[in-house]
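> when you get a sec, could you give me coordinates for this:
(one chain, ligands or ions: 3)
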Amino acid sequence: LTTRQQEFVRHWYETLAQSESFPILSNETLSALATLTQAHPQLLIGYINKEYPSISSNTPFSHIPLRTGLDKQSPQPRDTTIPISTALSAANAHLLPATLALVEKHIATCRRPRPQTDGRRSVNTGAYRCTFGCNYATCRRFDWRRHEETHEPQEIWLCTLCAHTPTDHAFIVSRKDKFLKHAKEVHGRGWKPEEVLDLSRVDFRPRSELACGECGSLSRTWEERCRHVVGHFE
Ligand SMILES: [Zn+2]
Ligand SMILES: [Zn+2]
Ligand SMILES: [Zn+2]
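Ligands and ions are numbered 1, 2, ... in the order given. This next block holds a predicted model:
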């Protein structure tokens, strides 16, 4: 396990496991821990047995549901009109299946076409226009890029503290400011927001081949793509 994963297990042990009189590492808990730390359950169980022998794990590893069939078990109202890029899934195959499923769902939500009035602003004017067709416009380049990233996420955080509950309640976002707000509001009593942020960062690899929404020219990186598109507006 990496230092960060060990750190997380320690936090989990100190905040949750110790409060129970007979702490048991249940399938559910182990599965959740694995999702949160993105560590293999077998590694986790070995580590916990060694470092925290007071926690009994009465569950042989082979019986642990890995939640690989997340979507099969509970048919989600998923957006079927937008196929999730298989390239994206392949690039992120290093993530745990449960994490990947959440990431895919998040990306699909980001790509879903939005109403023309999106942005919820009375003044949608400016040279920098949304290239994903939602009618957002702004006169500030920074705001434009941040808006574009709501459609094409570059970073993803999956709250490690919320995902103890069923994955339906997972808190997953692509904006650091939104995550920090969540961390402060929901977990601020025991945690520093930056600490939760660090523990929750998903090792996500965004798409690399990107077409310009205006002229279709291809860019290799998001940085390059944004610089190119901005050229159409300035
Ligand atoms: Zn937009
Ligand atoms: Zn949370
Ligand atoms: Zn272009």
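> show me the strands in the chain, by range?
128-129, 137-138, 157-158, 172-173, 210-211, 218-219 (DSSP state E).
> how many neighbours does residue 198 have?
14 (other CB atoms under 10 Å). Yep, even glycine has a C-beta here, placed from its N, CA and C like the rest.
> ok, now the one 3 residues further on?
Residue 201 is surrounded by 16 other residues when neighbours are defined as other CB under 10 Å.
> what parts of the chain come near ligand 2?
Taking CB under 5 Å from the ion as the criterion, the chain approaches ligand 2 at residues 159, 161-162, 171, 186.
> list only buried entries from the residues you listed.
Buried by 16 or more other CB atoms under 10 Å: 159, 161-162, 171, out of the residues of the chain next to ligand 2.
> hmm, which two among the residues you listed are most spread apart?
161 and 171 (8.6 Å; CB to CB).
> overlap in contacts, the two.
Common contacts of residue 161 and residue 171 (CB atoms under 8 Å, 6 or more residues apart in numbering): residue 186.
> residues touching residue 183, list them.
159, 191, 193, 196-197, 200.
> for residue 13, state which of these is nearest.
Nearest to residue 13 among the contacts of residue 183, with distances taken as CB to CB, is residue 191, at 15.0 Å.
> buried residues in the lengthiest helix in the chain, which are they?
Longest helix in the chain, counting residues (DSSP state H): helix 97-111. Buried residues in helix 97-111, defined by neighbour count with 16+ other CB under 10 Å: 97-108, 110-111.
> lowest average pLDDT across the strands of the chain?
Comparing mean pLDDT across these, the lowest value falls on strand 210-211: a mean of 79.
> does any part of that one sit near ligand 3?
No. If you take CB under 5 Å from the ion as the test, strand 210-211 misses ligand 3, and the best it gets is 8.4 Å.
> that strand packs against which elements?
strand 218-219 (3 or more CB pairs under 8 Å, 6 or more residues apart in numbering; DSSP states H and E).
> give the partner strands of the strand it packs on in its sheet and their orientations.
strand 210-211 (antiparallel) (DSSP bridges).
> what's in contact with the strand it pairs with?
152, 217-222, 225.
> and the residues you listed, which two are the farthest apart?
The widest separation within the contacts of strand 210-211 (CB to CB) is 15.8 Å, between 152 and 217.
> looking at those two, which is more packed in?
residue 152 (18 against 11).
> looking at the chain, which helix or strand is least sure?
helix 70-73 (a mean of 39; mean pLDDT, DSSP states H and E).
> report the buried residues of stretch 177-189.
179-180, 182-183, 187.
> could you list the low-pLDDT ranges of the chain?
15-24, 26-28, 56-85, 115-123, 163-168, 213 (pLDDT under 70).
> again, only using 90
1-102, 104-126, 130-136, 150-151, 160-170, 207-221, 234 (pLDDT under 90).
> outline the domain layout of it.
Using automatic domain parsing, the domain ranges for the chain come out as 1-66, 84-155+204-233.
> for this protein, which residues are neighbours of ligand 1?
130, 132, 134, 136.
> rerun that using 8 Å as the cut-off
114, 118-119, 130-136, 147-148, 150-151 (CB under 8 Å from the ion).
> want to throw those into JSON lines with neighbour count?
Converted to JSON lines, the residues of the chain next to ligand 1 look like this (neighbours: other CB atoms under 10 Å):
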{"residue": "114", "neighbour count": "17"}
{"residue": "118", "neighbour count": "17"}
{"residue": "119", "neighbour count": "18"}
{"residue": "130", "neighbour count": "20"}
{"residue": "131", "neighbour count": "21"}
{"residue": "132", "neighbour count": "19"}
{"residue": "133", "neighbour count": "13"}
{"residue": "134", "neighbour count": "19"}
{"residue": "135", "neighbour count": "14"}
{"residue": "136", "neighbour count": "25"}
{"residue": "147", "neighbour count": "21"}
{"residue": "148", "neighbour count": "20"}
{"residue": "150", "neighbour count": "18"}
{"residue": "151", "neighbour count": "20"}
